[in-house]
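> Need the 3D shape of this:
(one chain, ligands or ions: 1)
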Amino acid sequence: RLGLKTKFIGQSIHYKESVDSTQKIAHRLAYDDAPEGTVVIAEEQLLGRGRMDRAWHSPKYSGIWMSIILRPNLPIPKAPQLTLLTAVAVVQAIEEITSLSPQIKWPNDILMNGKKVTGILTELQAEADRIISIIIGIGINVNQKREEYPDELKDIATSLSIESGEQINRSVLIRGIFNRLEHLYEIYLENGFYPIKLLWESYAISIGKTITARTLNHTIRGKALGITEDGVLQIEDEEGKIHSVYSADIDLQ
Ligand code: BTN
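All right, here's what the predicted structure looks like:
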(Lines give C-alpha, C1' and ligand atoms only; values in the text may rest on other atoms or scores of the structure.)
Protein backbone atom coordinates (compact mmCIF):
# COMPACT_ATOMS: atom_id res chain seq x y z
CA ARG A 1 0.00 0.00 0.00
CA LEU A 2 2.86 2.36 0.77
CA GLY A 3 5.03 1.13 -2.12
CA LEU A 4 7.80 0.03 0.20
CA LYS A 5 11.25 -1.13 -0.81
CA THR A 6 12.01 -2.49 2.63
CA LYS A 7 12.52 -6.08 3.71
CA PHE A 8 11.22 -5.68 7.24
CA ILE A 9 10.58 -2.12 8.42
CA GLY A 10 6.90 -1.36 7.90
CA GLN A 11 6.04 -4.82 6.60
CA SER A 12 3.71 -5.20 9.54
CA ILE A 13 1.79 -2.01 10.34
CA HIS A 14 -0.71 -1.58 13.15
CA TYR A 15 -2.69 1.47 12.13
CA LYS A 16 -4.95 3.10 14.74
CA GLU A 17 -7.25 6.08 14.70
CA SER A 18 -6.72 7.11 18.31
CA VAL A 19 -4.44 5.72 21.03
CA ASP A 20 -2.96 6.75 24.35
CA SER A 21 0.56 6.37 22.98
CA THR A 22 1.94 4.32 20.09
CA GLN A 23 4.93 3.70 22.34
CA LYS A 24 2.80 1.82 24.83
CA ILE A 25 1.21 -0.38 22.15
CA ALA A 26 4.58 -1.11 20.56
CA HIS A 27 5.97 -2.16 23.94
CA ARG A 28 3.18 -4.68 24.32
CA LEU A 29 3.65 -6.00 20.76
CA ALA A 30 7.40 -6.31 21.28
CA TYR A 31 6.79 -8.20 24.48
CA ASP A 32 4.48 -10.52 22.55
CA ASP A 33 7.26 -11.32 20.05
CA ALA A 34 6.21 -9.01 17.20
CA PRO A 35 8.79 -9.30 14.40
CA GLU A 36 11.53 -6.76 13.84
CA GLY A 37 10.27 -3.84 11.77
CA THR A 38 6.73 -3.89 13.19
CA VAL A 39 5.28 -0.37 13.27
CA VAL A 40 2.43 1.22 15.21
CA ILE A 41 1.02 4.40 13.66
CA ALA A 42 -1.82 6.50 15.06
CA GLU A 43 -3.73 9.48 13.73
CA GLU A 44 -3.93 10.91 17.23
CA GLN A 45 -2.37 10.28 20.63
CA LEU A 46 -4.21 11.26 23.78
CA LEU A 47 -1.19 10.70 26.02
CA GLY A 48 1.76 11.16 23.69
CA ARG A 49 5.01 10.99 25.64
CA GLY A 50 8.30 12.79 25.12
CA ARG A 51 11.69 12.48 26.74
CA MET A 52 12.03 13.15 30.45
CA ASP A 53 8.36 12.37 31.06
CA ARG A 54 7.14 15.36 29.12
CA ALA A 55 3.85 15.35 27.22
CA TRP A 56 4.01 15.20 23.41
CA HIS A 57 1.24 17.14 21.68
CA SER A 58 -0.16 14.78 19.01
CA PRO A 59 -3.26 16.29 17.36
CA LYS A 60 -5.40 14.35 14.92
CA TYR A 61 -4.42 13.93 11.26
CA SER A 62 -1.72 16.57 11.18
CA GLY A 63 1.36 14.69 12.28
CA ILE A 64 3.15 11.37 12.07
CA TRP A 65 3.02 9.59 15.41
CA MET A 66 4.62 6.19 15.19
CA SER A 67 6.73 3.62 17.01
CA ILE A 68 9.02 1.13 15.31
CA ILE A 69 10.29 -2.10 16.86
CA LEU A 70 13.87 -3.13 16.10
CA ARG A 71 15.70 -6.12 17.50
CA PRO A 72 19.42 -5.57 17.12
CA ASN A 73 21.63 -8.08 18.87
CA LEU A 74 23.60 -5.48 20.81
CA PRO A 75 24.56 -4.56 24.37
CA ILE A 76 22.50 -1.84 26.08
CA PRO A 77 25.13 0.96 25.85
CA LYS A 78 24.83 0.89 22.05
CA ALA A 79 21.17 1.94 22.13
CA PRO A 80 21.79 5.71 21.81
CA GLN A 81 23.45 5.05 18.45
CA LEU A 82 20.09 3.94 17.11
CA THR A 83 18.46 7.19 18.23
CA LEU A 84 21.08 9.14 16.30
CA LEU A 85 20.69 6.84 13.29
CA THR A 86 16.94 7.40 13.32
CA ALA A 87 17.40 11.17 13.37
CA VAL A 88 19.57 10.93 10.24
CA ALA A 89 16.95 8.77 8.50
CA VAL A 90 14.18 11.27 9.28
CA VAL A 91 16.23 14.28 8.15
CA GLN A 92 17.11 12.56 4.87
CA ALA A 93 13.50 11.56 4.25
CA ILE A 94 12.36 15.16 4.87
CA GLU A 95 15.04 16.50 2.54
CA GLU A 96 13.94 14.08 -0.14
CA ILE A 97 10.38 15.37 -0.39
CA THR A 98 10.65 19.03 0.63
CA SER A 99 12.99 21.92 -0.04
CA LEU A 100 13.82 22.03 3.68
CA SER A 101 17.20 21.30 5.25
CA PRO A 102 16.45 20.39 8.84
CA GLN A 103 19.20 20.15 11.43
CA ILE A 104 19.73 17.85 14.38
CA LYS A 105 20.20 19.05 17.92
CA TRP A 106 21.84 16.43 20.12
CA PRO A 107 20.63 13.92 20.95
CA ASN A 108 17.42 13.65 19.05
CA ASP A 109 15.62 16.86 18.17
CA ILE A 110 15.14 17.83 14.56
CA LEU A 111 14.80 21.57 14.14
CA MET A 112 13.83 24.04 11.46
CA ASN A 113 14.82 27.64 12.10
CA GLY A 114 15.49 26.80 15.72
CA LYS A 115 12.06 25.25 16.33
CA LYS A 116 11.29 21.60 16.82
CA VAL A 117 9.69 19.61 13.99
CA THR A 118 10.53 16.13 15.21
CA GLY A 119 11.25 14.35 18.46
CA ILE A 120 12.57 10.83 18.87
CA LEU A 121 12.17 8.70 21.96
CA THR A 122 13.94 5.35 22.21
CA GLU A 123 13.06 2.85 24.88
CA LEU A 124 14.43 -0.63 25.51
CA GLN A 125 13.40 -4.05 26.52
CA ALA A 126 16.55 -5.78 27.70
CA GLU A 127 17.72 -8.92 29.43
CA ALA A 128 20.95 -8.90 31.39
CA ASP A 129 22.99 -6.42 29.35
CA ARG A 130 21.59 -7.27 25.90
CA ILE A 131 18.87 -5.48 23.94
CA ILE A 132 15.82 -7.68 23.28
CA SER A 133 13.97 -4.96 21.49
CA ILE A 134 14.23 -1.26 21.00
CA ILE A 135 11.09 0.82 20.55
CA ILE A 136 11.80 3.91 18.50
CA GLY A 137 9.08 6.53 18.85
CA ILE A 138 9.04 9.21 16.18
CA GLY A 139 6.83 12.28 16.37
CA ILE A 140 6.82 14.58 13.34
CA ASN A 141 4.88 17.82 13.11
CA VAL A 142 3.78 17.67 9.48
CA ASN A 143 0.70 19.66 8.50
CA GLN A 144 -0.17 21.71 11.57
CA LYS A 145 -0.93 25.36 10.91
CA ARG A 146 0.61 28.04 13.06
CA GLU A 147 -2.71 29.07 14.59
CA GLU A 148 -3.40 25.49 15.64
CA TYR A 149 -0.50 25.44 18.08
CA PRO A 150 -1.25 26.01 21.75
CA ASP A 151 0.39 29.19 23.05
CA GLU A 152 3.04 27.41 25.07
CA LEU A 153 4.34 25.66 21.93
CA LYS A 154 4.22 28.53 19.43
CA ASP A 155 7.78 29.67 20.06
CA ILE A 156 9.40 26.26 20.33
CA ALA A 157 7.59 24.06 17.81
CA THR A 158 6.87 24.26 14.11
CA SER A 159 5.66 21.95 11.34
CA LEU A 160 7.04 20.95 7.96
CA SER A 161 4.06 22.62 6.34
CA ILE A 162 4.58 25.93 8.18
CA GLU A 163 8.25 25.93 7.20
CA SER A 164 7.83 24.89 3.56
CA GLY A 165 4.50 26.56 2.79
CA GLU A 166 3.23 23.28 1.32
CA GLN A 167 0.87 20.54 2.37
CA ILE A 168 2.96 17.38 2.88
CA ASN A 169 1.79 13.88 1.96
CA ARG A 170 2.30 11.90 5.14
CA SER A 171 2.27 8.46 3.47
CA VAL A 172 5.09 9.47 1.15
CA LEU A 173 7.12 10.74 4.10
CA ILE A 174 6.47 7.59 6.14
CA ARG A 175 7.59 5.42 3.23
CA GLY A 176 10.75 7.50 2.84
CA ILE A 177 11.54 7.10 6.53
CA PHE A 178 11.10 3.32 6.40
CA ASN A 179 13.34 3.03 3.34
CA ARG A 180 16.05 5.30 4.78
CA LEU A 181 15.92 3.78 8.22
CA GLU A 182 16.30 0.24 6.96
CA HIS A 183 19.13 1.25 4.65
CA LEU A 184 21.08 3.02 7.43
CA TYR A 185 20.34 0.23 9.91
CA GLU A 186 21.84 -2.32 7.53
CA ILE A 187 24.92 -0.16 7.00
CA TYR A 188 25.20 0.15 10.78
CA LEU A 189 24.88 -3.59 11.45
CA GLU A 190 27.46 -4.34 8.80
CA ASN A 191 29.99 -1.53 9.25
CA GLY A 192 29.38 -0.19 12.74
CA PHE A 193 28.53 3.32 13.88
CA TYR A 194 31.33 5.27 12.22
CA PRO A 195 29.61 5.97 8.86
CA ILE A 196 26.41 6.93 10.70
CA LYS A 197 28.35 9.21 13.04
CA LEU A 198 29.81 11.09 10.06
CA LEU A 199 26.36 11.59 8.57
CA TRP A 200 24.93 12.62 11.91
CA GLU A 201 27.67 15.21 12.45
CA SER A 202 27.04 16.65 9.00
CA TYR A 203 23.46 17.47 10.07
CA ALA A 204 24.23 18.55 13.64
CA ILE A 205 23.82 22.17 14.67
CA SER A 206 25.63 22.27 17.96
CA ILE A 207 29.02 20.82 17.06
CA GLY A 208 31.82 23.37 17.32
CA LYS A 209 29.55 25.86 19.09
CA THR A 210 29.32 26.98 22.68
CA ILE A 211 26.35 25.34 24.34
CA THR A 212 24.83 24.84 27.75
CA ALA A 213 23.91 21.29 28.75
CA ARG A 214 21.47 20.89 31.63
CA THR A 215 21.50 17.45 33.18
CA LEU A 216 19.40 16.41 36.16
CA ASN A 217 22.09 17.47 38.61
CA HIS A 218 24.19 20.15 36.99
CA THR A 219 24.84 22.51 34.16
CA ILE A 220 27.85 22.35 31.89
CA ARG A 221 28.79 25.18 29.60
CA GLY A 222 31.40 24.89 26.89
CA LYS A 223 32.20 23.97 23.33
CA ALA A 224 30.48 20.92 21.87
CA LEU A 225 33.32 18.88 20.40
CA GLY A 226 31.31 16.08 18.81
CA ILE A 227 29.95 12.70 19.71
CA THR A 228 31.85 9.58 20.65
CA GLU A 229 31.38 6.18 19.06
CA ASP A 230 28.67 5.49 21.63
CA GLY A 231 26.75 8.65 20.81
CA VAL A 232 27.89 10.45 23.95
CA LEU A 233 28.23 14.23 23.62
CA GLN A 234 31.61 15.70 24.54
CA ILE A 235 31.84 19.24 25.83
CA GLU A 236 35.03 21.16 26.56
CA ASP A 237 34.62 23.74 29.32
CA GLU A 238 36.59 27.00 29.73
CA GLU A 239 39.33 25.28 31.69
CA GLY A 240 39.82 22.76 28.89
CA LYS A 241 38.25 19.95 30.84
CA ILE A 242 36.25 17.51 28.72
CA HIS A 243 32.85 16.34 29.96
CA SER A 244 30.94 13.35 28.60
CA VAL A 245 27.21 13.98 28.56
CA TYR A 246 24.84 11.00 28.31
CA SER A 247 21.51 12.77 28.69
CA ALA A 248 20.72 16.46 28.89
CA ASP A 249 18.79 19.37 27.48
CA ILE A 250 20.91 21.58 25.28
CA ASP A 251 20.70 25.35 24.91
CA LEU A 252 22.45 26.67 21.86
CA GLN A 253 23.97 29.72 23.50
C1 BTN B 1 10.91 14.12 22.53
O2 BTN B 1 11.40 14.94 21.76
O3 BTN B 1 10.79 14.35 23.74
C4 BTN B 1 10.46 12.78 21.96
C5 BTN B 1 9.05 12.82 21.41
C6 BTN B 1 8.59 11.48 20.87
C7 BTN B 1 7.16 11.50 20.41
C8 BTN B 1 6.76 10.22 19.73
S9 BTN B 1 5.19 10.32 18.90
C10 BTN B 1 5.16 8.59 18.68
C11 BTN B 1 5.70 7.98 19.96
N12 BTN B 1 4.64 7.80 20.93
C13 BTN B 1 4.80 8.59 21.99
O14 BTN B 1 4.01 8.65 22.97
N15 BTN B 1 5.93 9.30 21.88
C16 BTN B 1 6.63 9.01 20.64
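
> Could you count how many residues lie near whichever residue of the stretch 101-250 of the chain sits closest to the ligand?
Using Cβ to the nearest ligand atom, Gly119 is the residue of the stretch 101-250 of the chain that sits closest to the ligand, at 2.2 Å. Where you see a C-beta, it was placed from the backbone N, CA and C, and this is true even at glycine. Using other Cβ atoms under 10 Å, Gly119 is surrounded by 21 other residues.

> The closest residue to it other than its chain neighbours bridge partners, please.
On the basis of Cβ to Cβ, 6 or more residues apart in numbering, the spatially nearest residue to Gly119 that is not a chain neighbour turns out to be Gly139, at 4.9 Å. On the basis of DSSP bridges, Gly139 is bridged to Trp65, Gly119.

> List the residues that contact Glu148.
By Cβ atoms under 8 Å, 6 or more residues apart in numbering, the contact set of Glu148 is 59, 62.

> how about the helices of the chain, start to end?
22-31, 79-97, 151-154, 160-164, 170-191, 194-203 (DSSP state H).

> what about the last one, distance to the chain center?
This points to helix 194-203. Helix 194-203 sits 15 Å away from the centroid of its parent chain (Cα atoms, centre = their mean, to the nearest Å).

> What are the buried residues along it?
196-197, 199-200, 203 (16 or more other Cβ atoms under 10 Å).

> okay, these in a markdown table with pLDDT and distance to the ligand next?
As requested, the buried residues of helix 194-203 are exported to a markdown table (pLDDT from 0 to 100; distance: Cβ to the nearest ligand atom, whole Å):
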| residue | pLDDT | distance to the ligand |
| --- | --- | --- |
| Ile196 | 95 | 20 |
| Lys197 | 94 | 21 |
| Leu199 | 95 | 20 |
| Trp200 | 94 | 16 |
| Tyr203 | 95 | 16 |
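
> Let me know how buried the residue nearest to Gly119 is, in neighbour terms.
Counted with other Cβ under 10 Å, residues neighbouring Gly139 total 24.

> pretty sure it contacts Thr118?
Yes. Assessed by Cβ atoms under 8 Å, Gly139 is found in contact with Thr118 at 6.5 Å.

> Nice, that's everything, thank you.
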